[in-house]
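In: Coordinates for the following, if possible.
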Amino acid sequence: MRLPSNYWRVPAIFMLSTITVVLASDKVTRLFPVSKASPLDQSSQTLTGNSSWIYAVAISPDGQTLASGSYDKIIKIYHSKSGQLIHTIKGHGDAIETLAITPDGQKLISGSWDNTIKLWDLQTGKLLHTLRGHSDDVKTLAISPDGKTLASGSSDGTIRLWNLPTGQQQQVFSDGQWLRSLAFSPDGHKLLSGNDAGTLKVWQTSTGQLLHTLKPHSQAIRSLAISPDGQTFATGSADSTIKLWDSRTYKVLRTLKGHSSAVWSVTFSHNGRLLASSSYDKTVKTWHAHSGELLENFRGHHKSVWSVAFSPTGQSLISGSSDETIKFWSLPSHIVHEFGH
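Out: Numbers count the residues shown, from 1 in each chain. Have a look, this model is predicted:
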């Protein structure tokens with residue numbers, strides 16, 4: 001496939017406690033905690049050992065399991081507290097750009113540039129289904145809140161809805177542009193999509209009817225997130241801005257400016273009071289989800305940060321980067337006290 005000159009492909013990662021193994025002259029192996037690589041690194045932990053860009057990270061609802069997908073076609077599953085690698089999964093024929101975990105924490109879903117979607121048992125790493133239908137890269141996934149429907153978006157210009165229990169395709173929506181981001185409303189009745197042209201669309205999931213078409217960004221909408229209460233949603237764009245929206249009126253409430261380059265990922269905390277973002281500018285930022293105030297600016301990655309996710313407790317963030325690491329970021333105590341409960 002020939003790519004346009006302005007094409008950006010995306011990734012994701014996770015991070016945990018690490019150790020350094022030293023073989024001393026007395027032939028005794030000793031383990032030492034890894035110090036931060038630089039005084040400018042604000043991360044609390046870093047998970048290394050990956051050999052390629054990490055495009056996506058996903059955390060199970062109970063916070064016990066972390067998954068990463070990368071350019072090298074490999075999925076890794078970790079115990080999130082110990083950092084122990086549980087499974088290394090191979091099966092895709094090209095880069096893995098997007099991951100999602102079902103609400104019950106039982107299945108991991110991966111989308112790849114090999115045009116397929118794969119469903120895996122999160123505990124065993126066993127392949128359950130391969131979904132075929134897209135004719136180009138699968139770039140984004142979203143799962144309905146009830147865990148019964150999967151939405152996938154592709155650079156083939158289509159959105160496809162799948163029955164997760166059976167793996168059967170249910171509907172196809174035609175957007176006409178490369179799809180970059182998807183998000184279900186909390187009731188599952190609507191699906192939001194963002195494309196390469198910076199256009200936001202709202203679809204009725206039961207009928208496929210296009211309800212709204214908006215052009216809020218001058219470049220691709222790389223990420224979408226809806227607050228847990230459904231009142232607000234956020235769009236992150238390659239134009240370096242984040243916009244907060246009223247879900248009822250589809251009016252922009254605020255435009256957040258702070259990143260100096262493309263915004264790859266946005267996500268709400270589980271209580272909806274915080275918003276996190278990651279960017280090509282190598283930073284992870286935390287914002288007040290209502291006022292839009294920038295609360296924290298985390299530095300430590302030395303290349304683009306493709307993906308960011310909140311821990312279920314809302315007290316930390318996990319990010320994946322082109323620098324082949326996953327990093328943990330601990331939110332300052334005053335932010336956790338005010339916004340984390």
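In: The residue sitting nearest the centre point of the chain bridge partners, please.
Out: Centroid-nearest residue in the chain, with CA atoms, centre = their mean: residue 307, separated by 4.7 Å. Counting by DSSP bridges, residue 307 is bridged to residue 320.
In: That one and residue 263 touch, don't they?
Out: No: judged on CB atoms under 8 Å, residue 307 makes no contact with residue 263 at a distance of 11.7 Å. (Glycine included, C-beta is placed from N, CA and C.)
In: number of nearby residues for residue 333?
Out: Residue 333: 10 surrounding residues under other CB atoms under 10 Å.
In: Residue 336 should be in a helix, yeah?
Out: Yes: assessed with DSSP: H, G, I helix; E, B strand; the rest coil, residue 336 lies in a helix.
In: What are the neighbouring residues in contact with it?
Out: By CB atoms under 8 Å, 6 or more residues apart in numbering, the contact set of residue 336 is 314-315.
In: Relative to residue 330, how far out is it?
Out: Distance of residue 336 to residue 330, computed by CB to CB, to the nearest Å: 9 Å.
In: got any residues that touch both of those two?
Out: Jointly contacting residue 336 and residue 330 under the rule CB under 8 Å, 6+ apart are residue 315.
In: Ends of stretch 319-330, what's the gap?
Out: Separation of the first and last residues of stretch 319-330 by CA to CA, to the nearest Å is 12 Å.
In: brain fart, stretch 181-198
Out: Stretch 181-198 has an end-to-end distance of 11 Å (criterion: CA to CA).
In: Next, the buried residues of it.
Out: The neighbour-count check on stretch 181-198 (16 or more other CB atoms under 10 Å) flags 181-185, 188, 190-198 as buried.
In: still on that earlier bit, quick one: common contacting residues for residue 307 and residue 263?
Out: Common neighbours of residue 307 and residue 263 (CB under 8 Å, 6+ apart) are residue 278.
In: Going along the chain, name the strands of the stretch 101-250 of the chain.
Out: 107-112, 116-121, 127-132, 138-143, 149-154, 158-163, 168-174, 179-184, 190-195, 200-204, 210-214, 221-226, 232-237, 241-246 (DSSP state E, counting those that start in this stretch).
In: who does the first one pair up with?
Out: What that stands for is strand 107-112. Strand pairing for strand 107-112, determined by DSSP bridges: strand 96-101 (antiparallel), strand 116-121 (antiparallel).
In: Report the angle between the last one and strand 149-154.
Out: With axes from the mean of the first three to the mean of the last three CA atoms, to 10 degrees defining the directions, strand 116-121 sits at 140 degrees from strand 149-154.
In: ok, residues contacting strand 116-121?
Out: Identification of contacts with strand 116-121 by CB under 8 Å, 6+ apart yields 75, 89, 91-93, 106-112, 126-132, 134, 138, 141, 150, 152, 162, 164, 167.
In: Try it again at 6 Å.
Out: Outside strand 116-121, the residues that touch it by CB atoms under 6 Å, 6 or more residues apart in numbering are 107-111, 127-132, 138, 152.
In: average pLDDT across that strand?
Out: Computed over strand 116-121, the mean pLDDT rounds to 98.
In: and if you look at stretch 185-194?
Out: Mean pLDDT, stretch 185-194: 96.
In: One more: stretch 294-305?
Out: Across stretch 294-305, pLDDT averages out at 95.
In: Equivalent analysis for stretch 157-164, please.
Out: Per-residue scores along stretch 157-164 average to 97.
In: Check which residues of that stretch are buried.
Out: In terms of neighbour count (16+ other CB under 10 Å), stretch 157-164 has its buried residues at 157-162, 164.
In: Comparing the strands paired with strand 107-112, which comes out most buried?
Out: For those, the largest average neighbour count (mean count of other CB atoms under 10 Å) is found in strand 96-101, namely a mean of 25.
In: can you tell me the average pLDDT over that strand?
Out: 98.
In: again with stretch 128-136
Out: On average, the pLDDT along stretch 128-136 is 97.
In: how distant is it from the center of its chain?
Out: Distance, stretch centre to chain centre, for stretch 128-136: 20 Å (CA atoms, centre = their mean, to the nearest Å).
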